[in-house]
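Colleague: 3D model of this:
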Amino acid sequence: MKDLENPIVAKTFAYALRTIKLYRYLVDEKKEFTMSKELLTSGTHIGKHVMAAVNGESRQRFTSEMGVALRITSENEYWLYLLHFGGYLSEKELESMDADRIEISKMLSSITITSKANA
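Modeller: Numbers count the residues shown, from 1 in each chain. The predicted structure is shown next:
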């Protein structure tokens, strides 16, 4: 996948893979099925929308898809914290995932602001 050379694509792809592993852990070890599925969806859809932006047909589509990806990072944060405070994720597990999510969120925010300014 040649798009993995793009830093935001690479980060969100790696985050999606981490989310998949966390989902498997939550289902197999913790027997948690509902919130973990929401986490899986949000954690993988960040990258889905980044890919749609990168391969979009217009600047407007690029900006829109990056904005959606940014909004999904907030949704993902919600599920991470809900799982943590619900007793399914330790503080260390939460901090590890959330550090990556925050980095992605900052990158997406910067991309979105710059893209809107250049429109």
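Colleague: pLDDT weak spots in the protein?
Modeller: Across the chain, nothing is flagged by pLDDT under 70.
Colleague: which residues in it form helices?
Modeller: In the chain, the helices defined using DSSP state H lie at 7-28, 34-54, 59-85, 91-117.
Colleague: winner for burial among those helices?
Modeller: helix 34-54 (a mean of 20; mean count of other CB atoms under 10 Å). C-beta coordinates here come from the backbone N, C-alpha and C atoms, glycine included.
Colleague: from L83, how far out is the residue nearest to E77 when sequence neighbours are not counted?
Modeller: Nearest non-adjacent residue to E77, counting by CB to CB, 6 or more residues apart in numbering: R101, 6.1 Å away. Distance, R101 to L83, using CB to CB, to the nearest Å: 13 Å.
Colleague: on that earlier part again, okay if I get the helices of the chain as JSON lines plus distance to M1?
Modeller: Formatted as JSON lines, the helices of the chain follow (distance: least, CB to CB, whole Å):
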{"stretch": "helix 7-28", "distance to M1": "8"}
{"stretch": "helix 34-54", "distance to M1": "9"}
{"stretch": "helix 59-85", "distance to M1": "17"}
{"stretch": "helix 91-117", "distance to M1": "18"}
